[in-house]
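1. Structure here, sequence nowhere to be found:
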């Protein structure tokens, strides 16, 4: 029994260190939105700051990120991008295709700890759009493309926009995760990612996806048409590879 | 009511001979993660124990009851997901109805002073009990839960106290306890400390 009492007394000391905070909101982290800067590739570098990881002893930040919308109160899931911590500051990249020309964008920062999360006040940004031109200008739009949004060929994921462009035996397939927007996209085999597209070039019946990470430039020509340009993208073909250059028109 | 009567008869039945029935009311403060969610509350306790001047060590047992209310109407919680290589944080909210506990405990107390009216003591109890747990949690796009549980729990606590016996029938005491209980389903710890005042009385005829 004495040993039980000794253990119990030791627990007095160890538990006694866990002080309860007077204000229950002090358990949450506190973050603020600092700023946003347009990068040369059209993406936007967003900057947040951790004001407090939470006042409970041992609290630390677990996740940080940003959300953005064209209304004054973006919700956490609106165009969310992950952030990375650098000391008490944190940063994230908003891909260019999420930025609309001539629009005001509102961005919030958020952070989480073991108890919950904090979503900062929104900051307003009037000019985050940067027009990015493709580094090549194919002489012709080789193919007379037609929009087939919503077309399903057995591989399209729910919620994505799928377009097929063709001329003769040559075809080009592109899948946008959340609808087509102007911007620079990276090729990815999984089109569900917000800044990635899935691209397959098909010549004379042979279809090959563009290599992951290759860039696809989408330019808005009108409210119903977009120009897609690919400049020398690598296309793995079996053990070897070839390159693909093309400029295509998508009419919605 | 019938169960309460059986419990009181058990307390009075002589499980501990020459015992005194005690009642304590304590300020009950949750702490650690449990304290981030629940407000301080009252704890009401009924005990049965021997007198210290029958020995330096005594057995004590009894039961206590407490009702905890949440510190906020809703608490901000979150979930995470990984969609291919894209990481997302999903906001959520959690709310609690009052959390009710009813525990039975059994333990021992030791006082270095056997004679006299004043008895400082230390002790420890193990406990087992029940609770009523009712909460809702919603994480956008991930989960939505409404859980109502009549669960079981085990736990322990340590204590420091000072008791004063007078008229050889009655004792007043002040007590500090520190302990925790582990709810089995859903599984979580609920550590608390208490500071309380109580009275014990022997209902035996003559000298206890």
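-> Good, I have the coordinates. Computed from a predicted model, the values in this text were never measured in an experiment.
2. give me phi/psi at residue B:94?
-> The phi and psi torsions at residue B:94 (degrees, to the nearest 10) take the values phi -130, psi 140.
3. wait, isn't it in contact with residue B:75?
-> Yes: at 4.6 Å, residue B:94 counts as touching residue B:75 under the criterion of CB atoms under 8 Å. Bear in mind the C-beta positions are built from the backbone N, C-alpha and C, glycine included.
4. in what helix or strand does the closest residue to residue A:72 other than its chain neighbours lie?
-> Leaving aside its sequence neighbours, residue A:72 sits nearest to residue A:106 (CB to CB, 6 or more residues apart in numbering or on different chains; 5.4 Å). Assessed by DSSP states H and E, residue A:106 sits inside strand A:105-112.
5. now for the helix or strand just after that strand, which elements pack on it?
-> Using DSSP H and E, the helix or strand that directly follows strand A:105-112 along the chain is strand A:117-119. If you count contacts as 3 or more CB pairs under 8 Å, 6 or more residues apart in numbering or on different chains; DSSP states H and E, strand A:117-119 packs onto strand A:30-38, strand A:105-112, strand B:75-83, strand B:86-96.
6. low pLDDT regions in the chain?
-> All of this refers to chain A. Chain A contains residues with pLDDT under 70 at A:1-18, A:139-162, A:164-171, A:178, A:191-195, A:201-207.
7. Let me rephrase: I mean chain B.
-> Chain B contains residues with pLDDT under 70 at B:1-19, B:53, B:84-85, B:205-208.
8. Okay, and the residue in it that chain A sits nearest to sits in which element?
-> When scored by CB to the nearest CB, chain B has residue B:158 as its residue closest to chain A, at 2.8 Å. Assigned by DSSP H and E, residue B:158 belongs to strand B:143-166.
9. in that strand, what's buried?
-> By neighbour count with 16 or more other CB atoms under 10 Å in any protein chain shown, strand B:143-166 contains the buried residues B:151, B:153, B:155-161, B:163, B:165.
10. Same question for stretch B:118-136.
-> Judged by neighbour count (16+ other CB under 10 Å), stretch B:118-136 contains these buried residues: B:119, B:121-125, B:127, B:129, B:131, B:133, B:135.
11. Show me those that map onto helices.
-> Per DSSP state H, helices hold no members of those.
12. Could you figure out how far the strand holding residue B:158 is turned away from strand B:86-96?
-> 50 degrees (axes from the mean of the first three to the mean of the last three CA atoms, to 10 degrees).
13. Which parts of chain A are helices?
-> Under DSSP H, chain A gives helices at A:2-16.
14. List the contacts of residue A:67.
-> Applying CB atoms under 8 Å, 6 or more residues apart in numbering or on different chains, we find residue A:67 in contact with A:74-81, A:107-108, A:110, A:119.
15. switch to 6 Å and redo it
-> Residues near residue A:67 by CB atoms under 6 Å, 6 or more residues apart in numbering or on different chains: A:74, A:76, A:78, A:80, A:108.
16. out of these, who has the most neighbours?
-> Among those, residue A:108 has the most neighbours (other CB atoms under 10 Å in any protein chain shown), with 26 neighbours.
17. right, and that residue touches residue A:74 too?
-> Yes: using CB atoms under 6 Å, residue A:108 is in contact with residue A:74, at 5.5 Å.
18. Would you list the phi and psi of residue B:142?
-> When read as degrees, to the nearest 10, the backbone of residue B:142 gives phi -120, psi -60.
19. Residue B:94 and residue B:75: who's more crowded?
-> Relative neighbour count places residue B:75 above the other of residue B:94 and residue B:75, with 22 against 18, counting by other CB under 10 Å.
20. which residues does that one contact?
-> For residue B:75, the contact set (CB under 6 Å, 6+ apart) comprises residue B:94.
21. again, but for residue A:53
-> Residues counted as contacts of residue A:53 (CB under 6 Å, 6+ apart) are A:29, A:59-61, A:113.
22. buried subset of those?
-> For the contacts of residue A:53, buried by 16+ other CB under 10 Å: A:29, A:59, A:61, A:113.
23. what's the nearest residue to the residue in the stretch 101-250 of chain A that chain B sits nearest to if we skip its chain neighbours?
-> Residue nearest to chain B within the stretch 101-250 of chain A (CB to the nearest CB): residue A:116, separated by 3.9 Å. Spatial nearest neighbour of residue A:116, chain neighbours left out: residue B:76 (3.9 Å); criterion: CB to CB, 6+ apart.
24. thought the residue of chain B closest to chain A was touching residue B:124?
-> Yes: contact criterion CB under 6 Å: residue B:158 and residue B:124 qualify, at 4.9 Å.
25. show me the contacts for residue B:184.
-> With contact set as CB under 6 Å, 6+ apart, residue B:184 has these partners: B:151-152.
26. So what sits opposite the residue nearest to residue A:72 in the bridge?
-> Under DSSP bridges, the beta-bridge partners of residue A:106 are residue A:69, residue A:124.
27. again, but for residue B:144
-> Beta-bridge partners of residue B:144, counted by DSSP bridges, are residue B:138.
28. Does it touch residue B:94 like I think?
-> No: using CB under 6 Å, residue B:144 is not in contact with residue B:94; the gap is 11.0 Å.
29. Against chain B, which of the contacts of residue A:67 make the cut? List them.
-> Near chain B, judged by CB under 6 Å from any CB of the partner chain, the entries from the contacts of residue A:67 are A:76, A:80.
30. for the contacts of residue A:67, which one is nearest chain B?
-> So of the contacts of residue A:67, ranked by how close each gets to chain B (CB to the nearest CB), first place is residue A:76, at 4.4 Å.
31. residues contacting the closest one?
-> A:67, A:110, A:119, B:91.
32. Understood, closing this out.
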